[in-house]
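>>> Quick one, fold the following:
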Amino acid sequence: MSWHDSFDAMKQRPHVLVVCPQAVASAWAKVVAGVSRGDFAPWAHQSAAAAWLADRAAGMLAMDMGTGKTFTALLALLKEKLPLVFVDLSRGSGKARAERLQAALATASGKRLIVVVNYESVWRSQLAPTIESVKWSAFVLDESHRIKSPGGAASRYLARLAAKQPKARRVCLTGTPMPHSPLDLYGQFRFLDPQVFGSSFTRMRARYAECDLRFPSKVKAWKNQGELTAKLDAYSWRVTADEVLDLPDAIHETIPVELSAKVQRFYRSLEAEMTAEIEAGTVTAANALTKLLRLAQATGGYARVDGYASVTAIDGIPSKRLALQDRLEDLPATEPVVVFCRFRSDLDDVAAAARELGREYAEVSGERKDLERWQAGDAVILGVQMQSGGVGIDCSRACYAFYYSLGFSLGDYEQSLARLRRPGQVRCVRYYHLVCQGTVDEQVYAALRERRNVIDAVLRRLSPRQEAVA
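Presented below is the predicted three-dimensional model:
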């Protein structure tokens, strides 16, 4: 090692920068806390993957959702036994995030920071200079296919950041390294190791795709796929949920959702005063049960104005729909998915999310009976209304289920769980619950998990006012 290299090594810090979708930040917080307490024992496939990654300068863990990519990456990166400190930069203004990082760095002696930031913010001018001032030991891109677009701001910035710090290890985590085509690998490998596919997307495309001369983005045929596979194989460790034998039969995960400021104000007003105003009019809850219903609707972004039969949007595209789209984007476009909903407005938003992603939608509700079409493979996403579609139907074609909104019936909830985990299901089933933080969503889901009388449990926590609004 040269004197210059030794000096660079002395400046290296043990800190790890994790870039991920905003919704995934809470999962990193949970795993970092668990690792610090020694809560986790690795599954066999995690130990094997971590051992493979541990001595590599760059590598991709191409592991399916639910197989534990986050814990596996930490196993591989945390060789030295240092106290871990989680730093969340996924929310707040750019200035506030930069100050948060600077404050953490100032007290980081003898510790390892696990700094988490979202793709939409990592390249922003107020935060980027502070990130670049740190000599990181490793960069981790969670759901790395988010940088597949060569021209994307985050994709270009992260490639430059990795190039500026060649001593830092580079890790990509994704269950879908090629969500649309083999060309999706270019942006990710530009970050991992630009020598693999070169520094020109145009040349990489010409090498592996035969394109229409008039429309270069349109691929007519693929070529040299054996060569591409060999290059990918040298840098990746693949784990599919179906082949991992030590996974449990079912995995439950909470996806925290943050309401927009406008919906938050509406929700708090209705919660405290049993009445709230939106542009379309006044929303009133006449009693505690109605209040509970209106609060549940509000978490989906909708309200029923007094005197009207239909609901109206409180503030543009609801946060839950954006969170659902965010997670669906991390699944292969052909992966069957079931989304359980309580309200008609929620089903409409699931259908809108499917359209936005270009995936065929089917529905089982009081209005539509598309189950056979979905079972036959003519649609990818199935929206199911809990009350009318949660009982007696076979959804075992899917191993992924999202709970967009929950009712108060424990029976309905348990029946919906059994729609996927039933005879004929051969894969580990993953249930994802979209839960708006600090709202009735948390209380309902907690009550369901604890197998208690849901309505009584929630009403006790809400502490409704004595005087009802007429």
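
>>> Let me see the backbone angles for residue 211.
In terms of degrees, to the nearest 10, the main-chain angles of residue 211 are phi -110, psi 160.

>>> Name the nearest residue to it, ignoring sequence neighbours.
Closest residue to residue 211 apart from its sequence neighbours, by Cβ to Cβ, 6 or more residues apart in numbering: residue 219 at 5.7 Å. Backbone N, C-alpha and C define where each C-beta goes, glycine included.

>>> how about that neighbour, what does it touch?
For residue 219, the contacting residues are 181, 183, 209-212, by Cβ atoms under 8 Å, 6 or more residues apart in numbering.

>>> again with residue 204
183, 186, 197-198.

>>> run the last query once more with 6 Å
Remark: with contacts taken as Cβ atoms under 6 Å, 6 or more residues apart in numbering, residue 204 is in contact with 186, 197-198.

>>> are any of those buried, and which?
186, 197 (16 or more other Cβ atoms under 10 Å).

>>> What is the nearest of the contacts of residue 204 to residue 258?
The nearest member of the contacts of residue 204 to residue 258, counting by Cβ to Cβ, is residue 186 at 32.4 Å.

>>> Let's verify that closest one: helix, strand, or coil?
Each residue gets one of three states, and residue 186 gets helix by DSSP: H, G, I helix; E, B strand; the rest coil.

>>> okay but it is in contact with residue 201, surely?
Yes. Counting by Cβ atoms under 6 Å, residue 186 does reach residue 201; the two are 5.1 Å apart.

>>> Common neighbours of these two, please.
Applying Cβ under 6 Å, 6+ apart, one finds that residue 186 and residue 201 are jointly contacted by residue 150.

>>> Do a quick rundown of the helices in the stretch 51-200 of the chain.
Using DSSP state H, counting those that start in this stretch, the helices assigned to the stretch 51-200 of the chain run over residues 69-77, 94-106, 128-132, 153-164, 185-192.

>>> Using JSON lines, please lay out the ones you listed together with mean pLDDT and distance to residue 236.
Below are the helices of the stretch 51-200 of the chain laid out as JSON lines (pLDDT from 0 to 100; distance: least, Cβ to Cβ, whole Å):
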{"stretch": "helix 69-77", "mean pLDDT": "94", "distance to residue 236": "12"}
{"stretch": "helix 94-106", "mean pLDDT": "95", "distance to residue 236": "30"}
{"stretch": "helix 128-132", "mean pLDDT": "96", "distance to residue 236": "26"}
{"stretch": "helix 153-164", "mean pLDDT": "97", "distance to residue 236": "17"}
{"stretch": "helix 185-192", "mean pLDDT": "96", "distance to residue 236": "9"}
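
>>> Nearest to residue 175, out of those?
That would be helix 69-77 among these, by Cβ to Cβ, at 7.5 Å.

>>> Any stretches of this protein with poor pLDDT?
1-11, 242, 245-248, 389-392, 451-470 (pLDDT under 70).

>>> Can you give the domain ranges for it?
The chain breaks down into these domains under automatic domain parsing: 12-243, 250-255+320-456, 259-313.

>>> Now residue 74. Nearest residue, chain neighbours left out?
residue 35 (5.6 Å).

>>> The one you found - how many residues pack around it?
18 (other Cβ atoms under 10 Å).

>>> Tell me how far it lies from residue 15.
Note on residue 35: its distance to residue 15, by Cβ to Cβ, to the nearest Å, is 15 Å.

>>> Let me know how buried residue 65 is, in neighbour terms.
21.

>>> burial count for the residue nearest to it when sequence neighbours are not counted?
Spatial nearest neighbour of residue 65, chain neighbours left out: residue 175 (4.9 Å); criterion: Cβ to Cβ, 6+ apart. Neighbourhood size, residue 175 [other Cβ under 10 Å]: 23.

>>> Can you name every helix or strand that the helix or strand containing residue 434 contacts?
Using DSSP states H and E, the element containing residue 434 is strand 429-436. Counting contacts by 3 or more Cβ pairs under 6 Å, 6 or more residues apart in numbering; DSSP states H and E, strand 429-436 packs against strand 250-257, strand 400-403, helix 440-449.

>>> now it against helix 440-449, angle please.
140 degrees (axes from the mean of the first three to the mean of the last three Cα atoms, to 10 degrees).

>>> Each with direction, which strands does strand 429-436 pair with?
strand 250-257 (parallel), strand 400-403 (parallel) (DSSP bridges).

>>> Just the CA trace of that strand, in CSV.
Taking Å, rounded to 0.1, in the frame of the first residue of the first chain, the C-alpha atoms of strand 429-436 are listed here in CSV:
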residue,chain,number,x,y,z
VAL,A,429,-47.1,-15.4,2.0
ARG,A,430,-46.2,-11.8,2.8
TYR,A,431,-48.8,-9.4,4.2
TYR,A,432,-48.1,-5.7,4.1
HIS,A,433,-50.2,-3.3,6.2
LEU,A,434,-50.4,0.4,5.1
VAL,A,435,-50.7,2.2,8.5
CYS,A,436,-51.0,6.0,8.8
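
>>> who's in contact with that strand?
66, 250-255, 257, 259, 299, 320, 323, 399-404, 420-421, 441-442, 445.

>>> Can you select the buried ones among those for me in PyMOL?
To isolate the buried ones among the contacts of strand 429-436 in PyMOL, judged by 16+ other Cβ under 10 Å, type:
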select buried, resi 66+250+251+254+255+257+259+299+320+323+399+400+401+402+403+404+420+421+441+442+445
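
>>> ok so, going back, could the helices and strands packed on strand 429-436 go into TSV alongside distance to residue 101?
Output for these, formatted as TSV (distance: least, Cβ to Cβ, whole Å):
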stretch	distance to residue 101
strand 250-257	22
strand 400-403	33
helix 440-449	29
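
>>> Tell me which of those approaches residue 295 most closely.
Between the helices and strands packed on strand 429-436, helix 440-449 lies closest to residue 295; by Cβ to Cβ that is 4.6 Å.

>>> before we move on, the earlier item: what values do phi and psi take at the residue nearest to residue 211?
Per-residue torsions, residue 219: phi -90, psi 130 (degrees, to the nearest 10).

>>> Distance of the residue nearest to residue 74 relative to residue 162?
In terms of Cβ to Cβ, residue 35 sits 25 Å off from residue 162.
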